[in-house]
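A.B. asks: Sequence and predicted model, in that order:
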Amino acid sequence: MENEELTEFERGLLESLEQAKRGEFAAVHTPEQIMARRRGRPIGSVQEVTKEPVKIRLDADLLAALRATGDGWQTRINDTLRASMVLAGKLS
């Protein structure tokens, strides 16, 4: 019985591979297509104004409180700093 199930499994696997080769259920890529695809983030930005990455040292409790506000905490820091500079007359 076990050999019969294994044979059925093997037949199903071979059929799946044939379907993939024909492109029925999965895209088949050539080695050239695979090499042409770059890993990681796309190069460049689609935004007109990009932000510059910087390193800044903050107190641990302040950083923990900022991170606790959830996703977007870095954007909120940027907005807070911008508002502070506008109030100080350093930015318009």
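C.D. replies: Happy to help now that I have it.

A.B. asks: CA only for contacts and neighbour counts going forward, please
C.D. replies: Fine.

A.B. asks: mean confidence for stretch 15-32?
C.D. replies: If you average the pLDDT over stretch 15-32, you get 75.

A.B. asks: How far does the lowest-mean-pLDDT helix or strand in the chain sit from its chain's centre?
C.D. replies: Lowest by mean pLDDT, DSSP states H and E among the helices and strands of the chain is helix 31-36, with a mean of 76. Centroid separation for helix 31-36 versus its chain: 21 Å, with CA atoms, centre = their mean, to the nearest Å.

A.B. asks: cool, and stretch 14-31?
C.D. replies: Averaging C-alpha positions (CA atoms, centre = their mean) puts stretch 14-31 26 Å from its chain's average.

A.B. asks: Could you report the distance from Arg11 to His29?
C.D. replies: Going from Arg11 to His29 by CA to CA, to the nearest Å gives 24 Å.

A.B. asks: Next: Arg39.
C.D. replies: Computed as CA to CA, the Arg39 to His29 distance reads 15 Å.

A.B. asks: same check, this time on Asn78
C.D. replies: 42 Å.

A.B. asks: do Leu14 as well
C.D. replies: For Leu14, the distance to His29 - CA to CA - is 19 Å.

A.B. asks: Perfect, that will be all.
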